[in-house]
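Asks: Generate coordinates for the sequence data below:
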Amino acid sequence: MKAKVYLKMLACLVGLLTFYSCNNDLEQDKNASVEAQQVQNGQEVSLQENAYADYLELMKSLNSSPTRSMSTAEIPAYYGGCYINDDGNLVVLVKKGEGVSVLKTRAALSRSTIYESCQYSYKELQQVVEDIRQKALEGNNFLYQNVTIYGISEKENIVEVGLLHKNSSTIQEFKKKICDSNKIKFVNCGKIILNDGIDCAGEIKTIRDGKTHNASIGYRAKDKNGNIGIVTAGHFIKVNDILKDSANVEIGKCLYSKEEYYVDAAFCSITSKKHAPTNKIKFMKDLQKDTLSIALAQPPKGSWINMVGMVSKRSSGTIFNASYDVPNSAQKTIYKDVILAKYTSNSGDSGGIVYALTKATNTRYTVGINLGSITYNGVTYGACIKAYLINQTFGLTRY
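Replies: Numbering: from 1, shown residues only. Just a heads-up that it's a prediction; the model follows:
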């Protein structure tokens, strides 16, 4: 694809040095840059298929499923993470002096796969994330007042913590009250902004407190009791709220809704016989052929994904980070394993479908639903709640 199709958004990262004095925590990194790509004309974009095939093979060799979060117990001590680079190749990080030969024996990856040495193992970084997450689960006031995201940056081989106000006093308080580790890098980050036949990405409404709220349909699912319905954003609709279509016709009712304990999602049963849920995706060229697969996927950093919502229609971009925790200060809880990607998200796109396309098979894997947007170091990214967590939370299956 020609370079003019892409818009590269660059923003400086902080913390190039691996030692972290107060001054170094605040120092701007002039050599490293945050890179994410976005399609300007709204066209659908495919995954980097060869690299994604290598990624699936790598996850298989590590005894991990690509449709859920990797368990710390499954991760070899030499493994440092992976991502897809700007050239479309899989990059695998291996701890210095360990594991490359073992990994090459375990995983039959293509010759285009790049192996890079790193300082920290994924296990070491994940332990730092768990320490921070524990403080969040305990309801730590400082964390919910000051921290907007945290998680592993596999490309940087570090744990990134986003602060509303990155200054020396806030950083020192974080180290004192939350976690003091040389594996952490601090960045400026704004709060999450939640955007308010039926097909995926179609418009839906509900009335609450005398006001009409709008959102987008995520994907079709059914619960363990056999109720068929749709998944959308939890902040859009609450349990027992009535679901309406774009013409204000009542089509269903919300059975489950959460804005806490890892997800922002809701499941609404469809009770209208005239409104059967489908796997068709709005705004596609061929609605009959270009449908959403019931298979789930969790593409790595650098992968192209697509978001379709009622306002933005279709927006595509690369994954900036495949797994962040996002504290919800209002609920004093966290959204877990959130994807940040360079797609556009506007008010009304909440709940819209996020998927990954492989052109070779014309398969659109279900990745999750759009949560909203968040600003990281001055660059705005779309945020996605993963489908595996939603289905796990509500006991749902795709069909």
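
Asks: shaky segments in the stretch 151-300 of the chain?
Replies: By pLDDT under 70, the low-scoring segments of the stretch 151-300 of the chain are 195-197.

Asks: Surely Ala107 is in contact with Ser61?
Replies: Yes: using C-beta atoms under 8 Å, Ala107 makes contact with Ser61 at a distance of 3.7 Å. Quick note: C-beta positions are derived from backbone N, CA and C, even for glycine.

Asks: show me where the stretch 251-399 of the chain has strands.
Replies: 265-270, 277-281, 304-309, 313-328, 333-341, 353-358, 363-376, 379-386, 397-398 (DSSP state E, counting those that start in this stretch).

Asks: and of those strands, who's closest to Lys123?
Replies: With C-beta to C-beta as the criterion, Lys123 lies closest to strand 313-328 of the strands of the stretch 251-399 of the chain, at 14.4 Å.

Asks: one step back: looking at the strands of the stretch 251-399 of the chain, spot the one closest to Asn50.
Replies: strand 353-358 (10.6 Å).

Asks: Show residues contacting the closest one.
Replies: The contact list for strand 353-358 (C-beta atoms under 8 Å, 6 or more residues apart in numbering) reads 44-47, 49, 52, 200-201, 216-219, 281, 292-293, 297, 299, 303-308, 339, 341, 343, 363-370, 382, 384.

Asks: just the angle between it and strand 379-386, please?
Replies: Between strand 353-358 and strand 379-386, the angle comes out at 90 degrees (axes from the mean of the first three to the mean of the last three C-alpha atoms, to 10 degrees).

Asks: Could you export strand 353-358 as PDB, CA atoms only?
Replies: The C-alpha trace of strand 353-358 is given here as PDB (Å, rounded to 0.1, in the frame of the first residue of the first chain):
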ATOM      1  CA  ILE A 353     -17.600  -3.500  16.300                       C
ATOM      2  CA  VAL A 354     -13.800  -3.800  16.100                       C
ATOM      3  CA  TYR A 355     -12.500  -6.600  13.800                       C
ATOM      4  CA  ALA A 356      -9.400  -7.900  12.100                       C
ATOM      5  CA  LEU A 357      -9.500  -8.800   8.400                       C
ATOM      6  CA  THR A 358      -7.600 -11.400   6.500                       C
END
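
Asks: Could you pull up the mean pLDDT of that strand?
Replies: Strand 353-358 carries an average pLDDT of 97.

Asks: That one vs strand 363-376, what angle?
Replies: Going by the same axes, to 10 degrees, strand 353-358 makes 120 degrees with strand 363-376.

Asks: just use 263 as the starting number from now, easier for me
Replies: Sure, I'll start counting at 263 from here, so that last one is strand 615-620.

Asks: Show me which residues of strand 615-620 are buried.
Replies: For strand 615-620, the neighbour count (16 or more other C-beta atoms under 10 Å) marks 615-620 as buried.

Asks: Which residue ranges of the stretch 263-412 of the chain form strands?
Replies: Ranges of strands within the stretch 263-412 of the chain are 268-276, 290-301, 341-346, 352-357, 376-380, 409-415, based on DSSP E, counting those that start in this stretch.

Asks: how about the last one: buried residues?
Replies: Going by neighbour count (16+ other C-beta under 10 Å), the buried part of strand 409-415 is 409-415.

Asks: Show me what that strand is packed against.
Replies: helix 384-399, strand 420-425, strand 575-590, strand 625-638 (3 or more C-beta pairs under 8 Å, 6 or more residues apart in numbering; DSSP states H and E).

Asks: just the fourth one next, same as before
Replies: When contacts are defined as 3+ C-beta pairs under 8 Å, 6+ apart, strand 352-357 sits against helix 311-323, strand 341-346, helix 362-368, strand 376-380.

Asks: Among the buried residues of strand 615-620, which one sits closest to Val423?
Replies: For the buried residues of strand 615-620, the residue nearest Val423 by C-beta to C-beta is Val616; the value is 24.6 Å.

Asks: about what we covered before: got CSV for the buried residues of strand 615-620, with distance to Thr655 too?
Replies: Listed next are the buried residues of strand 615-620 as CSV, based on distance: C-beta to C-beta, whole Å:
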residue, distance to Thr655
Ile615, 18
Val616, 17
Tyr617, 20
Ala618, 21
Leu619, 26
Thr620, 27
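
Asks: Pick the one among those closest to Cys344.
Replies: Among the buried residues of strand 615-620, and counting by C-beta to C-beta, the member closest to Cys344 is Ala618, at 15.9 Å.

Asks: in the sheet, who's paired with the closest one?
Replies: Beta-bridge pairing of Ala618 under DSSP bridges involves Tyr627.

Asks: From Asn568, how far out is it?
Replies: From Ala618 across to Asn568, the span is 7 Å (C-beta to C-beta, to the nearest Å).

Asks: got it, and Phe582?
Replies: 15 Å.

Asks: quick one: Thr474 and Lys467 touch, right?
Replies: Yes: judged on C-beta under 8 Å, Thr474 makes contact with Lys467 at a distance of 5.7 Å.

Asks: most centrally placed residue in this protein?
Replies: Centroid-nearest residue in the chain, with C-alpha atoms, centre = their mean: Ile601, separated by 1.3 Å.

Asks: Contacts only, for that residue.
Replies: 567, 581, 583-586, 616, 629-630, 645-646, 648 are the contacts of Ile601 under C-beta under 8 Å, 6+ apart.

Asks: Count the neighbours of the nearest residue to it once chain neighbours are set aside for me.
Replies: The shortest distance from Ile601 to any non-neighbouring residue, by C-beta to C-beta, 6 or more residues apart in numbering, is to Cys646 (4.0 Å). Using other C-beta atoms under 10 Å, Cys646 has 26 other residues around it.
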